[in-house]
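# Here is my input, please return the structure:
(one chain, ligands or ions: 3)
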Amino acid sequence: MLSLNRGTFLRKGFSVLRLSLSTNGYGGGERKSTVAMESTLKDGAAAAVDVDPKSTVGGGVEDVYGEDRVTEDQLVTPWATYVASGFSLLRDPHFNKGLAFTEKERDAHYLRGLLPPVVITQQLQEKKMMHIIHQYEVPLQKYMAMMDLQERNERLFYKLLIDNVEELLPVVYTPTVGEACQKYGSIYRRPQGLYISLKEKGKILEVLKNWPERNIQVIVVTDGERILGLGDLGCQGMGIPVGKLALYTALGGVRPSACLPVTIDVGTNNEQLLKDEFYIGLRQRRATGKGYDDLLHEFMTAVKQNYGEKVLIQFEDFANHNAFKLLAKYGSTHLVFNDDIQGTASVVLAGLVAALKLLGGTLADQAFLFLGAGEAGTGIAELLALEISKQTKIPLEEARKMIWLVDSKGLIVSSRKDSLQHFKKPWAHEHEPIKDLLEAIKAIKPTVLIGSSGVGKTFTKAVIEAMASLNEKPLILALSNPTSQSECTAEEAYTWSQGRAIFASGSPFEPVEYNGIVYVPGQANNAYIFPGFGLGLVISGAIRVHDEMLLAASEALAEQVTKENFDKGLIYPPFSSIRKISAHIAANVAAKAYELGVATRLPRPENLVTYAESCMYTPNYRSYR
Ligand SMILES: NC(=O)C1=CN([C@@H]2O[C@H](COP(=O)(O)OP(=O)(O)OC[C@H]3O[C@@H](n4cnc5c(N)ncnc54)[C@H](OP(=O)(O)O)[C@@H]3O)[C@@H](O)[C@H]2O)C=CC1
Ligand SMILES: CC(=O)C(=O)O
Ligand SMILES: [Mg+2]
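Ligands and ions are numbered 1, 2, ... in the order given. I've put the predicted structure just below:
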């Protein structure tokens, strides 16, 4: 067994001479720590005291060098990293500072002559880069400029994103990332993330070892089958894990080197892409059944072998027939989180709880109707029912009866039960069949209407008017992404409800002026939750996700909505304070992980908010000796 730890830092900052060895294969180490984890799970926090107190956030139960013992008996890849200097330093996005290299650094690192004479600050670089971004009129050009920056100068990229989050979120995330995925092949310049295709079957562990970073804490993985509301984009879905992980760092402070974007390519059923000469993925129809399941299982096993027990695997934009299955299958063996089911549920519940300040009453006083009964719709419905059941002490089955869902075939009712997918069955209440959303609104009389259909323009004038005729303040959430798929626009929601709607959408809309009043729409997007949620798991060393942790995240987010926000009709705080919000979410999630006995980072930090903040990555340049 070779147990040289990853990264022996001889010098501070980038100037590192390190030999990092990644490991391979099962070993006694895994058995040992699994026992420790299981006892943690069974016996709660008290048993967790047995876990190595030196355990840190890096993954698994660690030795003094920070190596995860789960991986210690594996074969290793002799990754060697040398001190970067001169031209190679300028080409290394992790350490490049461009014109901000100081005179001393230019001397020490063989940069003389490779840069023009001027030395500028990171602030000036930021100003210049924003100026460049502003010159592009086409969002996709802005996206490409940001991606280029990420690959040229990582710290400047994150500085820009953090300092200008409200302006740049729609560029690196929804809606622009949707268009980027659609055109990913044509705009492709350099690879981002890790591609695991059917060609790598039997070799996934080796593929993981080709990734140069060893201390991975968060993986976002997609198979590209349901990219936002744009359908099957196959391998080109890579834009989503890349974008989500950029948010993990910018919004949640998880360091970039700890983030791994993965796309699993099992083919695509998108005929247009199959015919596209620039398509970057396997040119075949999607593998299903055993072929699909085996590849996913190999991936899940290899991730645990390579990175240990505590790496978070976030499933993103899988089609619902796989998403629910994967979450159920790996929920008890891995640290997994489905952003579309669980993250969305947590963010929407937070918005609903916050909205009660504007609507009055309790959650149980509301009637909820969803358009769309897939991952997002049923995920939200389930967490909402759980919260109502907790608040009112009524059984979960009773709480579910306050929630109604419409799918592509109409209202979900008991007479349809036999033909429904399993995740819809709990919502099949007694009612006569109704085909149409408008008719369903008239019958159910909802106070809250939630769009999670992935189909744009489905909240028509008649739908919004019906909601406005039933409610003084209709609460309308158009969650579908990107903007083209939004169930309605902010302008439509405000205009058709005569300015009475409380509105939020998955993708952002500009403020709307109606009858001389400016209405500011909120953004109901899981981006509020997953970065802080993931940070909470990382800082507590959590090994499993529980629904209680989703409720904890939701509660923390709802608490961050201020009177000033409510006065503007907002049910979410602005993204400009997202890092503070993420620290609170992380702290609440971590606290719940300790309470449930699934946290392994011991002892528990006393002040979890302060601790979360102290763990967050900051993008300011480091000084090099
Ligand atoms: N704002 C946010 O944070 C998030 C937004 N989303 C967005 O939500 C949308 C849906 O995602 P997801 O739930 O994962 O997708 P799914 O495919 O799992 O679910 C879509 C649901 O919408 C139903 N549907 C489709 N067309 C219609 C229609 N014309 N009328 C009524 N119902 C319809 C489908 O019905 P059937 O089952 O009969 O096919 C299905 O129940 C996407 O656009 C996604 O971008 C998702 C996650 C987070
Ligand atoms: C936001 C998100 O996760 C989605 O639209 O799929
Ligand atoms: Mg998603």
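
# List the residues that contact D365.
Contact analysis of D365 by CB atoms under 8 Å, 6 or more residues apart in numbering lists T447. Backbone N, C-alpha and C define where each C-beta goes, glycine included.

# Let's see that with 10 Å instead.
Residues in contact with D365 (CB atoms under 10 Å, 6 or more residues apart in numbering) are 356, 359, 402, 447.

# Against E430, how distant is it?
D365 is 21 Å from E430, where distance means CB to CB, to the nearest Å.

# repeat for I529
The gap separating I529 from E430 is 33 Å, by CB to CB.

# So for the two, which residue has more residues nearby?
It is I529, of I529 and E430, that has more neighbours when counted by other CB atoms under 10 Å, with 31 against 8.

# so what's the more buried one up against?
When contacts are counted by CB under 10 Å, 6+ apart, I529 touches 251-252, 337, 339, 342-350, 550, 553-554, 556-557, 581-582, 585, 589.

# Ligand 1 contacts on the stretch 301-450 of the chain?
320, 340, 344, 347, 371-377, 406-409 (CB under 6 Å from any ligand atom).

# Point out the ones among the contacts of I529 that are inside strands.
In strands, judged by DSSP state E, the following of the contacts of I529 are found: F337.

# Of the contacts of I529, which ones also sit close to ligand 2?
Applying CB under 6 Å from any ligand atom to the contacts of I529, those adjacent to ligand 2 are D339.

# coming back round to it: how about CSV for the contacts of D365, with distance to ligand 2, pLDDT and neighbour count added?
Below are the contacts of D365 laid out as CSV (distance: CB to the nearest ligand atom, whole Å; pLDDT from 0 to 100; neighbours: other CB atoms under 10 Å):
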residue, distance to ligand 2, pLDDT, neighbour count
L356, 24, 97, 16
L359, 25, 95, 20
M402, 25, 97, 20
T447, 24, 98, 20
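
# Kindly reformat the residues you listed as TSV containing distance to L247 and secondary structure.
Conversion of these to TSV gives the following (distance: CB to CB, whole Å; DSSP: H, G, I helix; E, B strand; the rest coil):
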residue	distance to L247	secondary structure
L356	28	helix
L359	30	helix
M402	33	coil
T447	31	coil
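
# Contact residues of this structure facing ligand 1?
Going by CB under 6 Å from any ligand atom, the residues of the chain near ligand 1 are 226, 228-229, 320, 340, 344, 347, 371-377, 406-409, 452-455, 458, 479-481, 485, 506, 524-526.

# The residue in the stretch 51-200 of the chain positioned nearest to ligand 3 and ligand 2: what is the separation?
The minimum distance from the stretch 51-200 of the chain to ligand 3, using CB to the ion, falls at T174 (8.8 Å). Separation of T174 from ligand 2 (CB to the nearest ligand atom, to the nearest Å): 6 Å.

# Go ahead and report the secondary structure state at that residue.
coil (DSSP: H, G, I helix; E, B strand; the rest coil).

# so who does it touch?
228-229, 240, 243, 481-483, 485, 506-508, 523, 525, 527.

# Just the ones of these in helices?
Among these, the members found in helices (DSSP state H) are 240, 243.

# Quick one: the contacts of T174 as CSV, columns for distance to ligand 2, pLDDT and neighbour count too.
Converted to CSV, the contacts of T174 look like this (distance: CB to the nearest ligand atom, whole Å; pLDDT from 0 to 100; neighbours: other CB under 10 Å):
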residue, distance to ligand 2, pLDDT, neighbour count
L228, 4, 98, 26
G229, 7, 98, 25
I240, 8, 98, 29
G243, 10, 98, 28
N481, 4, 98, 24
P482, 8, 98, 23
T483, 11, 98, 22
Q485, 9, 98, 25
G506, 6, 98, 29
S507, 8, 98, 25
P508, 12, 98, 20
Q523, 10, 98, 22
N525, 5, 98, 25
A527, 7, 98, 25
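
# Out of the contacts of T174, the closest to G516 would be?
Within the contacts of T174, the smallest distance to G516 is 23.1 Å, found for P508 (CB to CB).

# near ligand 2, which residues of the stretch 501-625 of the chain show up?
The stretch 501-625 of the chain has residues 506, 525-526 near ligand 2, with proximity defined as CB under 6 Å from any ligand atom.

# can you check the chain too?
Applying CB under 6 Å from any ligand atom, we find that the chain lies next to ligand 2 at 174, 228, 317, 339-340, 481, 506, 525-526.

# Kindly recompute the last result at 8 Å.
Applying CB under 8 Å from any ligand atom, we find that the chain lies next to ligand 2 at 174, 226-229, 240, 244, 316-317, 339-340, 343-344, 376, 479-482, 506, 525-527.

# Name the residue of the stretch 501-625 of the chain that lies nearest to ligand 1.
Closest residue of the stretch 501-625 of the chain to ligand 1, CB to the nearest ligand atom: G506 (2.9 Å).

# Any residue of stretch 333-347 touching ligand 3?
Yes. Against ligand 3, stretch 333-347 shows contacts by CB under 5 Å from the ion at D340.

# Report the buried residues of that stretch.
Buried residues in stretch 333-347, defined by neighbour count with 16 or more other CB atoms under 10 Å: 334-347.

# First-to-last residue distance for that stretch?
This stretch, stretch 333-347, spans 25 Å end to end (CA to CA, to the nearest Å).

# Stretch 403-413 now?
Stretch 403-413: ends 12 Å apart by CA to CA.

# Same check on stretch 357-365?
Terminal residues of stretch 357-365 are spaced 13 Å apart (CA to CA).

# Is Y195 in a helix, a strand, or coil?
Once three-state DSSP is applied, Y195 turns out strand.

# What count of nearby residues applies to it?
The number of residues packed near Y195 is 19, by other CB under 10 Å.

# so it touches G234, yeah?
No. The pair Y195 / G234 is not scored as a contact, 11.2 Å apart, by CB atoms under 10 Å.

# In contact with the residue in the stretch 1-150 of the chain positioned nearest to ligand 2, which residues are there?
Going by CB to the nearest ligand atom, ligand 2 is nearest to Y143 of the stretch 1-150 of the chain, at 16.2 Å. Going by CB under 10 Å, 6+ apart, Y143 touches 133, 136, 168, 170-173, 176-177, 179-180, 183, 187, 239, 243.

# Which among those residues count as buried?
Buried members of these, scored by 16+ other CB under 10 Å, are 133, 168, 170-173, 176-177, 179-180, 183, 187, 239, 243.

# For the contacts of T174, give me a markdown table that also has distance to W79.
Output for these, formatted as a markdown table (distance: CB to CB, whole Å):
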| residue | distance to W79 |
| --- | --- |
| L228 | 35 |
| G229 | 40 |
| I240 | 27 |
| G243 | 27 |
| N481 | 37 |
| P482 | 38 |
| T483 | 42 |
| Q485 | 42 |
| G506 | 40 |
| S507 | 40 |
| P508 | 41 |
| Q523 | 40 |
| N525 | 37 |
| A527 | 33 |
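
# Tell me which of the contacts of T174 fall in strands.
The strands, defined by DSSP E, take in Q523 from the contacts of T174.

# any chance of the contacts of D365 in a markdown table, plus distance to T268?
Shown next, in a markdown table, are the contacts of D365 (distance: CB to CB, whole Å):
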| residue | distance to T268 |
| --- | --- |
| L356 | 43 |
| L359 | 43 |
| M402 | 39 |
| T447 | 41 |
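
# Among the residues you listed, which one sits closest to N565?
N565 lies nearest to L356 out of those, by CB to CB, at 13.9 Å.

# Sweet, I'm off.
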